[in-house]
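Engineer: Here you go, sequence then predicted model.
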Amino acid sequence: MIELKDVSLKYDEDTVALNHINFTVKQGEFVFIVGASGAGKSSIIKLLLREKVPTKGTVLVNGYDLGKIKNNKIPEFRRTLGVVFQDFRLIPTLNVFDNVAFALRVTNTSSRYIRTRVPYILDLMELSDKAKRYPHEISGGEQQRVALARALVNDPPLIIADEPTGNVDPALSYEIVQLLQEINKCGTTILMVTHQHELVRQFGGRTLRVDHGQIVFDDFVMGGTHEGE
Ligand code: ADP
């Protein structure tokens, strides 16, 4: 599903963002990526989305070798994953329904399927009553649930969430990770970047810690410390 083999990424001669990284994520796993600011988390995400190509090493995602993939295959590759960002990235001029439907419309999905699939996903995310609202008319937590719905609507085998709880309060952060875990229980692989260590301590699970461009920890962290609950 994801395999990084001896991957290095340099932005320029002086900036080594990633230094000989190796890790594998198998189908069905839930993995947290943690690390301080500047550690290299975003650089890993950029490689996984093929926004950057590695200076050295191999990046395999969903069967595509991203160092070698042809430009005309990139859209096809991107459709094999769902992405959720910290700043939601919803389209302000579209309502909730159309923001989610957009992900299907760009792949020429039939309107008949859209009419059944979008309400199903909105219901799953408990957003049915917000379908006609615009992004500015709903809360931050709701906007992030819409972004999750949009990532899920194509039923991708992999979801990459880059600081998805960075712009919502602690209770909603908890709810978003719970939602991601429920999605994971249905078989979707989830990779979630966060700098919120308390979330990892609450939920537990496989955790990769990045430091100065290297993976310094790759193991299971015990959950169950529900601080402040
Ligand atoms: P994180 O996401 O963990 O905060 P990044 O992957 O953004 O870390 O950054 C890793 C390193 O690469 C840092 O030293 C950062 O300054 C550097 N870096 C990130 N983006 C660029 C860029 N576009 N040009 C040059 N250096 C960059």
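Structural biologist: Everything's here; your move. Numbers count the residues shown, from 1 in each chain.

Engineer: in what helix or strand does the closest residue to residue 69 other than its chain neighbours lie?
Structural biologist: In space, and not counting its chain neighbours, residue 69 is closest to residue 77: 6.1 Å by Cβ to Cβ, 6 or more residues apart in numbering. Placement of C-beta: from N, CA and C, glycine included. When elements are assigned from DSSP states H and E, residue 77 belongs to helix 74-78.

Engineer: packing partners for whatever helix or strand comes next after that helix?
Structural biologist: Toward the C-terminus, helix 74-78 is succeeded by strand 81-85 as the next helix or strand (DSSP H and E). Here strand 81-85 touches helix 140-152, strand 158-162, going by 3 or more Cβ pairs under 8 Å, 6 or more residues apart in numbering; DSSP states H and E.

Engineer: on that earlier part again, which parts of the helix holding residue 77 are buried?
Structural biologist: residue 77 (16 or more other Cβ atoms under 10 Å).

Engineer: Give me the contact list for that helix.
Structural biologist: 49, 50, 61, 62, 64, 66, 69 (Cβ atoms under 8 Å, 6 or more residues apart in numbering).

Engineer: Identify whichever of the helices and strands packed on strand 81-85 lies nearest to the ligand.
Structural biologist: strand 158-162 (8.6 Å; Cβ to the nearest ligand atom).

Engineer: Packing partners of the closest one?
Structural biologist: Partner elements for strand 158-162 (3+ Cβ pairs under 8 Å, 6+ apart): helix 41-48, strand 81-85, helix 140-152, helix 170-185, strand 189-193.

Engineer: What ranges in this protein fall below the confidence cut-off?
Structural biologist: 225-229 (pLDDT under 70).
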